[in-house]
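Asks: Any chance you could fold what I've pasted below:
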Amino acid sequence: MKTKRRKAGIALILFVSIYIIGCGKGGPLDVLETAPVRVEVGYQDVDPILWRDVSNIMLRVTGDNFSPIVDTQSVNTTIFLLKVPIGDSRVFTAFGTDTNGMAYLWGRKDTNIAGGDTTRISIELSPLLGNAGDSILILRDSLPWKLSCTDSILDILGANYTVVPSDSFANFFPNSIKNTIIIPSDQPQEFYDNYRTYATKFNNFVYDGGVMFFSACDKGWNCGNILEAGIVFPSGVTLDTIHHTDTLNIVIGKHPIVTELDTLRGYFASYSWFTDRPPFAQILTVSPDTVERPTLLVYQYGSGLVLLSSQPLEYEYGNGIDNDDIGILLPRILSFLCNNDK
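Replies: Next up is the predicted model:
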């Protein structure tokens, strides 16, 4: 009896071992075939003010069926030599960062990798958000404060955009390279609830290389409440309690969105502020309090970028703007997302 049990145990171990190791081609541990890739990162057209703070170049390579490949080098070496799995739609994203990992520049390239000779790829860096997808998706159920100024600005810019209502999120599959997502302010509760339901889908969109601009100014005429919906933005950023303030101070003037701006004013210029932000987030504006509260910030998430605002940008723009009005940020942001560089 003992001999039979021992033989049965040995047979079971052998079966499990064969299953884990795999038996020939097509087994569970097949290794993806790779090919040599040479990536050269350029920065010739970068503003020297932005380049001054960049100390490292980080390269991320993503695609189906393999974990992201990440490599970091100093700015003295902008050529990367990699082994990348063969296949279609391999996304190469480069970030120019400081010593703390804060990104100031980025660039990306979507290409196929075939076997054989070395594939050569060139990526040009530009300010964050400057290489957003050409096809814009406006996610909304209602116009913010009954204003269509986002559409009007995009029309002037000649942008290609589509409005996507939240009741279609279940069958909504944005392309991280081709699309840019814009979520306007002041949405109804149903919209925020639906976003929360499919938050993982939107997080993955950004993580895989997409750009998302979320204007998180809620509790307007459409009565939606982001906190009540339980929304957490990519990388764990949250919206804090209401904090009305009549002025905003620009704290980081290096990004073109806020270049040459100083103090911005507006009616309830910021409804709330952001907390739990990643340490590498660029804070562009804050409330003018003893404790500065971030109200506009941009940060890297995976291979993509997130721009968050808690300001009533559409309301201020729709009611007329001067050079010191926060409404001036809306056309600056949209122009940048349309690759007009300001």
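Asks: Going by C-alpha atoms from here, please, whenever you check contacts or count neighbours.
Replies: Will do.
Asks: Any regions of the stretch 201-342 of the chain where pLDDT drops low?
Replies: Low-confidence segments of the stretch 201-342 of the chain (pLDDT under 70): 253, 290, 323, 340-342.
Asks: Recalculate using a threshold of 90.
Replies: Flagging of the stretch 201-342 of the chain using pLDDT under 90 yields the residue ranges 240-256, 258-273, 279, 286-293, 318-327, 336, 338-342.
Asks: now the stretch 51-200 of the chain
Replies: 51-53, 64-65, 75-78, 99-101, 115-117, 129-134.
Asks: rerun at 80
Replies: 131 (pLDDT under 80).
Asks: Let me see the ranges of the strands in it.
Replies: For the stretch 51-200 of the chain, the strands defined by DSSP state E, counting those that start in this stretch occupy 56-63, 66-74, 79-85, 87-97, 103-113, 119-124, 126-127, 135-139, 160-164, 179-183.
Asks: Point out the one among those that comes closest to residue 154.
Replies: strand 160-164 (7.8 Å; CA to CA).
Asks: orientation of the closest one relative to strand 135-139 in degrees?
Replies: 30 degrees (axes from the mean of the first three to the mean of the last three CA atoms, to 10 degrees).
Asks: quick one: what helix or strand has the residue nearest the centre of the chain in it?
Replies: Among the residues of the chain, the one closest to the centroid is residue 305, at 2.2 Å (CA atoms, centre = their mean). In the assignment (DSSP states H and E), residue 305 maps to strand 304-309.
Asks: what are the C-alpha coordinates of that strand, in PDB please?
Replies: Taking Å, rounded to 0.1, in the frame of the first residue of the first chain, the C-alpha atoms of strand 304-309 are listed here in PDB:
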ATOM      1  CA  GLY A 304       0.300  58.700 -20.300                       C
ATOM      2  CA  LEU A 305      -0.600  62.000 -18.800                       C
ATOM      3  CA  VAL A 306      -3.400  63.500 -16.600                       C
ATOM      4  CA  LEU A 307      -4.300  67.100 -16.400                       C
ATOM      5  CA  LEU A 308      -6.700  67.900 -13.500                       C
ATOM      6  CA  SER A 309      -8.500  71.200 -12.800                       C
END
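Asks: Just the residues contacting it, thanks.
Replies: 128-129, 205-217, 234, 295-300 (CA atoms under 8 Å, 6 or more residues apart in numbering).
Asks: next SSE after it?
Replies: helix 313-318.
Asks: quick one: buried residues of that following helix?
Replies: Across helix 313-318, burial judged by 16 or more other CA atoms under 10 Å covers 313-317.
Asks: residue ranges for the helices of this structure, please.
Replies: For the chain, helices defined by DSSP state H occupy the ranges 2-21, 48-51, 149-157, 189-197, 199-207, 226-229, 313-318, 329-337.
Asks: Residue 175 is nearest to which of these?
Replies: Using CA to CA, the nearest of the helices of the chain to residue 175 is helix 199-207, at 7.2 Å.
Asks: how far out from the middle of the chain is that closest one?
Replies: 9 Å (CA atoms, centre = their mean, to the nearest Å).
Asks: No further questions, thank you.
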